[in-house]
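Novice: could you work out the structure for the sequence below:
(one chain, ligands or ions: 1)
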Amino acid sequence: MARYAKEDIDRIRDAVDFVALVEGRTELRRSGVGRMVGLCPFHDERTPSFSVNVDDKLFHCFGCGEGGDLFRFVELTENVDFPEAVELLADRAGIQLRTEDEDPQAAARRKQEARLLELLDRTCRYYERQLWSAAEAGGARAELQRRGLDPDLLREFRVGYAPSAFERVLTASRHAGYRPEELLAAGLVQRSRDRRDRIYDRFRRRITFPLADRRGRILGFGARALGADQKPKYVNSADGPVYHKGQHLFAAHLARKHAARVGEVILCEGYTDVIALHQAGRRNAVGLMGTALTPDQVGELRRMASVLVLALDADAAGRKAMLKAAELAAGSGLELQVAMLPDGMDPADMLVKRGAAALDQAFGRTISIGRFRVGQALEEADLQTAEGKDRAIADLRPIFATIDPGVLRMELVQDVARRLRLDPTVLGPLLDGPGGPPARRAPEPAGDPTAAVAGAGSGAATRSGGQGAGSPSRPAGAWEPAASQRPSGPASSEDPAEAELRFLASCRAAGTEAASLLGDDRLAELFAHEPHRQAAVALREWLRAGTPPPTDDPLLAGVLRRLVALAEQVEHPSVARAELDGLQLEFAAVSRRLPRAGAETPALQVRRQALRARIEALVGTLARTARKG
Ligand code: ZN
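Specialist: Reported below is the predicted structural model:
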């Protein structure tokens, strides 16, 4: 990288007025010593989370995670690479640059990669021209029009058409000075199966959808067949030095800033699904590139937003894929939602059949992955017999273990009760399962409250203690089989991390007053995750002083970034709302301690019951306020 002399780079750093440079993009105000804050120039936001370190000439955004020095700032705002940023800033500061000798191998690699990117871009431009002007592309134009896709948007996505001839791209590129190995490396041509020395165009008679990196540079293509006779229906670029299968998401460069703003990214399957969603105003949509979701892609989605909306196909395979994706994303900290489109339509179908407004509306009504999973479990269950219902309850219990107390949980219990034709007050405790709230468990013989409490405290205690297992008055049959089938128990599968972040986000959204909810005495109990506890301390200071915390700890910065994005989407932020999230966290913390509470058990159970009552009362108050508002 040492293309320019280090002294020159240092001289530029010293000479450039960084605050003036940033203020060309966004308004800054002073906030503490040597610090300024403003609205982020790289994503849309309402509350400033972009901060500038004036002396070190560094910037960082807690909203979208962008950050770096003055060169990085220019790379991002001017969409240039590092050497170009150096040149631009040298011009600005009036500094004459001297070049240094670069490591010849690195220089060659960089040059080669730049040539491949240039080749891919000129090929993309060629496909685009073909789509809009070639007579042969009439069928492709008609197909895109039949799908109701807006030509302006197709141009923005740089959709194109690869003609049916075997050597168009090959010949034109060779005339422009590209070698066959370069065309192979760019994934634009392939070798003939019979004559290995012969190569020909990889994409023929297909609509081409370019895949770009975050700066919008073309890395490869996905191409859809035009005729029913063409196999396979989709062809993607081959892996090479710039394109890596399973690492990229279609349209991520277009969706990124919108996803950061709304704190949510939509994932669908097809290229036209993505374009349809952008057309409906859902500009935070990205697509899979013809593969099942990979861990790399989950990481990329996680960097884009904190909520992932799955909009995969509604057929049986799509639903399976959805649950699979949910599993993969579960450990990532992403909050999962599912878009339910009517009649098994995908977003592209929906645009054609119902129009952009209806498609947009459908995405205003996403459901949580918990609700989706409950629906799926009920669909697969046999609800005619008592045994079938017991199995359904056993299947539902681990799902309910992931859903915190609140309105959603109450609603789901009622839904399930209706389907199982059981009274919700009977069903609720059955779904709570081992470790669930004892007071709502069915009648125990009066007279020995401690025995009842100990027996109901956890499935494990009941089994090992032996007593109570044969009690005829307890609905044991419904939950004991599950306890033995799932030795780890549902409580341990619950990940409190999301609830912790949600609470912090509500505090941030509620503003200064919420700092009082983050008292030191509470933090140790509320936060099971040390990084979240540290973030709570940093956030408390942030709320009190109005100054974002220092960013030298990348882990802390990452957590703050997530909660800032989450805070942007809190509806009707208020201290009461934040308090509710805090109570739910406390409820979960107490529930986690219960199975191993020993002598403390009765006290904790009383506390848990009181928390539940306060939560339900506060939910009621907030619901009434929301209706009035
Ligand atoms: Zn930002």
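Novice: break this structure down into its domains, please.
Specialist: 6-93, 104-236, 252-365, 372-432, 449-459+471-628 (automatic domain parsing).
Novice: now for the longest helix along the chain, which elements pack on it?
Specialist: Counting by DSSP state H, the longest helix found in the chain is helix 104-133. On a contact count with 3 or more C-beta pairs under 8 Å, 6 or more residues apart in numbering; DSSP states H and E, helix 104-133 meets helix 138-146, strand 160-162, helix 168-175, helix 180-185, strand 206-212, strand 218-225. C-betas here are computed from N, CA, C, even on glycine.
Novice: which of the residues in it are buried?
Specialist: Buried residues in helix 104-133, counted by 16 or more other C-beta atoms under 10 Å: 110, 115-117, 119-124, 126-128, 130-131.
Novice: biggest separation within these, which pair?
Specialist: Greatest spatial distance among the buried residues of helix 104-133 (C-beta to C-beta): 110 and 131, at 31.8 Å.
Novice: what's the distance between residue 169 and the ion?
Specialist: 38 Å (C-beta to the ion, to the nearest Å).
Novice: pretty sure that residue is touching residue 201, no?
Specialist: Yes - here residue 169 reaches residue 201: they are 4.8 Å apart, a contact under C-beta atoms under 8 Å.
Novice: what about the two, which has more around it?
Specialist: Taking other C-beta atoms under 10 Å, residue 169 and residue 201 do not tie; residue 169 has more neighbours (26 against 22).
Novice: list the contacts of that one.
Specialist: Shown in contact with residue 169 (C-beta atoms under 8 Å, 6 or more residues apart in numbering): 123, 126, 162, 183, 188-189, 201, 203.
Novice: repeat that for residue 131.
Specialist: Contact analysis of residue 131 by C-beta under 8 Å, 6+ apart lists 137, 140-141, 154, 159-161, 207-208.
Novice: which ones, among those, also lie beside the ion?
Specialist: Among the contacts of residue 131, no residue is within reach of the ion (C-beta under 5 Å from the ion).
Novice: biggest separation within these, which pair?
Specialist: Of all pairs drawn from those, the widest gap by C-beta to C-beta lies between 141 and 208 and measures 13.3 Å.
Novice: show me which of these two is the more surrounded one.
Specialist: More neighbours surround residue 208 than the other of residue 141 and residue 208, with 24 against 17 (other C-beta under 10 Å).
Novice: the spatially closest residue to residue 597 that is not a sequence neighbour: helix or strand, and which one exactly?
Specialist: Of all residues not flanking residue 597 in the chain, residue 604 sits nearest, at 5.1 Å (C-beta to C-beta, 6 or more residues apart in numbering). According to DSSP states H and E, residue 604 maps onto helix 601-628.
Novice: packing partners for that helix?
Specialist: Here helix 601-628 touches helix 449-457, helix 575-593, going by 3+ C-beta pairs under 8 Å, 6+ apart.
Novice: quick revisit: burial measure for the residue nearest to residue 597, as a count.
Specialist: As a burial measure, residue 604 scores 17 neighbours (other C-beta under 10 Å).
Novice: what do you get for the one 4 residues further on?
Specialist: Residue crowding around residue 608 was assessed by other C-beta under 10 Å; the count is 22.
Novice: for it, which non-adjacent residue is spatially closest?
Specialist: Residue 608 sits nearest to residue 590 (C-beta to C-beta, 6+ apart), 4.8 Å away.
Novice: wait, the one you found touches residue 601, no?
Specialist: No - the criterion here is C-beta under 8 Å, and residue 590 misses it with residue 601 at 11.0 Å.
Novice: and the gap between residue 368 and residue 498?
Specialist: 11 Å (C-beta to C-beta, to the nearest Å).
Novice: that older thread, considering the helices and strands packed on helix 601-628, which stretch scores lowest in mean pLDDT?
Specialist: Lowest mean pLDDT within those: helix 449-457, at a mean of 34.
Novice: sorry, back to before: lowest pLDDT pick from the buried residues of helix 104-133?
Specialist: In terms of pLDDT, residue 110 ranks lowest among the buried residues of helix 104-133, with 78.
Novice: would you mind finding the most buried of the helices and strands packed on helix 104-133?
Specialist: strand 160-162 (a mean of 27; mean count of other C-beta atoms under 10 Å).
Novice: direction included, what does that one pair up with?
Specialist: Strand 160-162 sits in its sheet next to strand 206-212 (antiparallel), going by DSSP bridges.
Novice: name the residues that touch the strand it pairs with?
Specialist: Taking C-beta under 8 Å, 6+ apart as the rule, strand 206-212 contacts 120, 124, 127, 131, 140, 143-144, 157-162, 218-226, 230, 235, 237, 243, 248, 250, 252-253, 271, 289.
Novice: can you check stretch 65-84 too?
Specialist: 1, 3-4, 9, 12-13, 16, 18, 21-22, 25, 40-43, 57-61, 85-86, 88-89, 215-216, 303, 551, 557-558, 561.
Novice: cool, stretch 26-44 as well?
Specialist: 19, 22, 25, 45, 48-55, 61, 63-64, 66, 76-77, 256-258, 260-261, 545-548.
Novice: which among those count as buried?
Specialist: Members of the contacts of stretch 26-44 classed as buried by 16+ other C-beta under 10 Å are 22, 25, 45, 48-53, 61, 63-64, 66, 76-77, 256-258, 260-261, 548.
Novice: near the ion, which of the residues you listed show up?
Specialist: 61, 63-64.
Novice: on that earlier part again, mutual contacts of residue 169 and residue 201, please.
Specialist: 162, 188-189.
Novice: output the lowest mean pLDDT helix or strand found in the chain.
Specialist: helix 476-485 (a mean of 28; mean pLDDT, DSSP states H and E).
Novice: next structured bit after that helix?
Specialist: For helix 476-485, the following helix or strand on the C-terminal side (DSSP H and E) is helix 497-510.
Novice: got the angle for that following helix vs helix 575-593?
Specialist: For helix 497-510 against helix 575-593, the angle by axes from the mean of the first three to the mean of the last three C-alpha atoms, to 10 degrees is 160 degrees.
Novice: against which helices or strands is helix 497-510 packed?
Specialist: Secondary-structure packing of helix 497-510 (3+ C-beta pairs under 8 Å, 6+ apart): helix 530-545, helix 554-568, helix 575-593.
Novice: what do you get if the cut-off is 10 Å, keeping everything else the same?
Specialist: When contacts are defined as 3 or more C-beta pairs under 10 Å, 6 or more residues apart in numbering; DSSP states H and E, helix 497-510 packs onto strand 335-338, helix 520-526, helix 530-545, helix 554-568, helix 575-593.
Novice: tilt between the fourth one and helix 497-510?
Specialist: Just to be clear, that refers to helix 554-568. Orientation check (the same axes, to 10 degrees): helix 554-568 against helix 497-510 gives 60 degrees.
Novice: what's the average pLDDT for helix 554-568?
Specialist: For helix 554-568, mean pLDDT is 79.
Novice: now find how far off-centre it is within its chain.
Specialist: Once both centres are worked out by C-alpha atoms, centre = their mean, to the nearest Å, helix 554-568 turns out to sit 13 Å from its chain's centre.
Novice: helix or strand: which one has the residue of the stretch 401-550 of the chain found nearest the ion?
Specialist: Nearest residue of the stretch 401-550 of the chain to the ion: residue 548, at 12.0 Å (C-beta to the ion). Assigning secondary structure by DSSP H and E places residue 548 outside every helix and strand.
Novice: try residue 90
Specialist: Short version: residue 90 belongs to helix 82-93, going by DSSP H and E.
Novice: return that helix as PDB; C-alpha atoms alone will do.
Specialist: Provided in PDB are the C-alpha atoms of helix 82-93 (Å, rounded to 0.1, in the frame of the first residue of the first chain):
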ATOM      1  CA  PHE A  82      -7.100   5.000  -0.700                       C
ATOM      2  CA  PRO A  83      -4.500   6.400  -3.200                       C
ATOM      3  CA  GLU A  84      -7.100   8.500  -4.800                       C
ATOM      4  CA  ALA A  85      -8.200   9.900  -1.400                       C
ATOM      5  CA  VAL A  86      -4.500  10.700  -0.700                       C
ATOM      6  CA  GLU A  87      -4.300  12.600  -4.000                       C
ATOM      7  CA  LEU A  88      -7.600  14.500  -3.400                       C
ATOM      8  CA  LEU A  89      -6.500  15.600   0.000                       C
ATOM      9  CA  ALA A  90      -3.000  16.500  -1.200                       C
ATOM     10  CA  ASP A  91      -4.600  18.800  -3.800                       C
ATOM     11  CA  ARG A  92      -6.800  20.300  -1.100                       C
ATOM     12  CA  ALA A  93      -3.800  21.000   1.200                       C
END
